[in-house]
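Student: with the sequence up front, the predicted model follows.
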Amino acid sequence: MIEFVPVTRYSRCKRYSGATIKCPRCHELHQIYHLSWSFLYCQHCQNTIEKFDWLIEKGKHSKL
Ligand SMILES: [Zn+2]
């Protein structure tokens, strides 16, 4: 079971293995490989969601 925390400006993701993020609207999981975006389109619920509204897996590479 992956624990998710809100994306913050301190969130990091690994360049090669990426990070799992969760859509706050439909809770669909997505894999990302960088955080250099401001908005991300969720193909599942067809919403454009602001970066800081997404949830990111809580991991060793996040500082939370
Ligand atoms: Zn969604």
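Tutor: The structure has been received and is ready for your questions. All of these numbers come straight from a predicted model, not from anything done at the bench.

Student: which ones are touching the most centrally placed residue in the chain?
Tutor: Closest to where the C-alpha atoms of the chain average out (CA atoms, centre = their mean) is I21, at 3.0 Å. If you count contacts by CB atoms under 8 Å, 6 or more residues apart in numbering, I21 has them with F4, V7, L29, H30, Q31, I32, L40, W54, L55, I56, E57. Every C-beta, even on glycine, is put in place using the N, C-alpha and C of the backbone.

Student: try it again at 7 Å.
Tutor: Contact partners of I21, counting by CB atoms under 7 Å, 6 or more residues apart in numbering, are H30, I32, W54, L55, I56.

Student: from the residues you listed, which is closest to S11?
Tutor: Closest approach to S11 among those (CB to CB): I56, at 5.2 Å.

Student: and the closest one, what element?
Tutor: According to DSSP states H and E, I56 maps onto strand 55-57.

Student: touching the ion at all, that strand?
Tutor: No - on the criterion CB under 5 Å from the ion, strand 55-57 is out of touch with the ion, staying 11.0 Å away.

Student: cool, stretch 28-46 as well?
Tutor: Yes - Stretch 28-46 reaches the ion (CB under 5 Å from the ion) through E28, C42, H44, C45.

Student: need the buried ones from those residues selected in ChimeraX.
Tutor: Filtering the residues of stretch 28-46 next to the ion down to the buried ones (16 or more other CB atoms under 10 Å) takes a single ChimeraX command:
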select :42
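
Student: among the residues of stretch 28-46 next to the ion, which are in strands?
Tutor: Under the assignment DSSP state E, the residues of stretch 28-46 next to the ion contribute C42 to strands.

Student: what about the residue nearest to K22 when sequence neighbours are not counted, neighbour count?
Tutor: Excluding the flanking residues, the one nearest K22 by CB to CB, 6 or more residues apart in numbering is L55, at 4.2 Å. Close neighbours of L55, defined as other CB atoms under 10 Å, add up to 18.
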